[in-house]
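K.L.:
Need the 3D shape of this:
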Amino acid sequence: MKARRATFYLCKNIDSRRLRYILHKLENLETINPEILKKVIESKKCYRRTIILTDEELKIYEKYGKAINLYLNYLLVNEDGERT
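P.N.:
Numbers count the residues shown, from 1 in each chain. Okay, the predicted model is just below:
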């Protein structure tokens, strides 16, 4: 596979290293809390990060397709303990 540039729209300002870490955490995502998902959908995505994906990251990116931004933001909100 060939490396590909990807742009992500995020609700929190994170660096590319943390973005890669969270991207890899998507492999283990099993359940989704609907309350947190609602917060993510309603939040503004003010921050933009562009990275060049490795082959492994490209597989993750292709697995989730257009929903990858939603799942990344879900992990960002969930990881920071902003649960209701």
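K.L.:
contacts and neighbour counts: CA atoms only from here.
P.N.:
Will do.
K.L.:
can you point me to the longest helix in this structure?
P.N.:
Ranked by residue count and defined by DSSP state H, the top helix of the chain is helix 68-79.
K.L.:
pLDDT (mean, whole number) over that helix?
P.N.:
For helix 68-79, the mean per-residue pLDDT is 93.
K.L.:
Which strands and helices lie in contact with it?
P.N.:
strand 4-10, helix 16-25, helix 34-42 (3 or more Cα pairs under 8 Å, 6 or more residues apart in numbering; DSSP states H and E).
K.L.:
Reformat these into TSV and put distance to Asn69 next to each item.
P.N.:
TSV is the format used below for the helices and strands packed on helix 68-79 (distance: least, Cα to Cα, whole Å):
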stretch	distance to Asn69
strand 4-10	6
helix 16-25	10
helix 34-42	10
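K.L.:
Adding mean pLDDT and mean neighbour count, write the ones you listed out as JSON lines.
P.N.:
Formatted as JSON lines, those follow (pLDDT from 0 to 100; neighbours: other Cα atoms under 10 Å):
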{"stretch": "strand 4-10", "mean pLDDT": "95", "mean neighbour count": "15"}
{"stretch": "helix 16-25", "mean pLDDT": "95", "mean neighbour count": "14"}
{"stretch": "helix 34-42", "mean pLDDT": "94", "mean neighbour count": "14"}
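K.L.:
With respect to Asn78, which of these lies nearest?
P.N.:
Shortest distance between Asn78 and the helices and strands packed on helix 68-79, using Cα to Cα, is found for helix 34-42: 6.9 Å.
K.L.:
Output that closest one in CSV with nothing but the alpha carbons.
P.N.:
Extracted C-alpha coordinates of helix 34-42, given in CSV (Å, rounded to 0.1, in the frame of the first residue of the first chain):
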residue,chain,number,x,y,z
PRO,A,34,-24.9,7.2,23.1
GLU,A,35,-24.7,10.1,25.5
ILE,A,36,-21.0,10.8,24.7
LEU,A,37,-21.8,10.3,21.0
LYS,A,38,-24.5,13.0,21.2
LYS,A,39,-22.0,15.4,22.7
VAL,A,40,-19.5,14.6,19.9
ILE,A,41,-22.1,15.2,17.2
GLU,A,42,-23.2,18.5,18.6
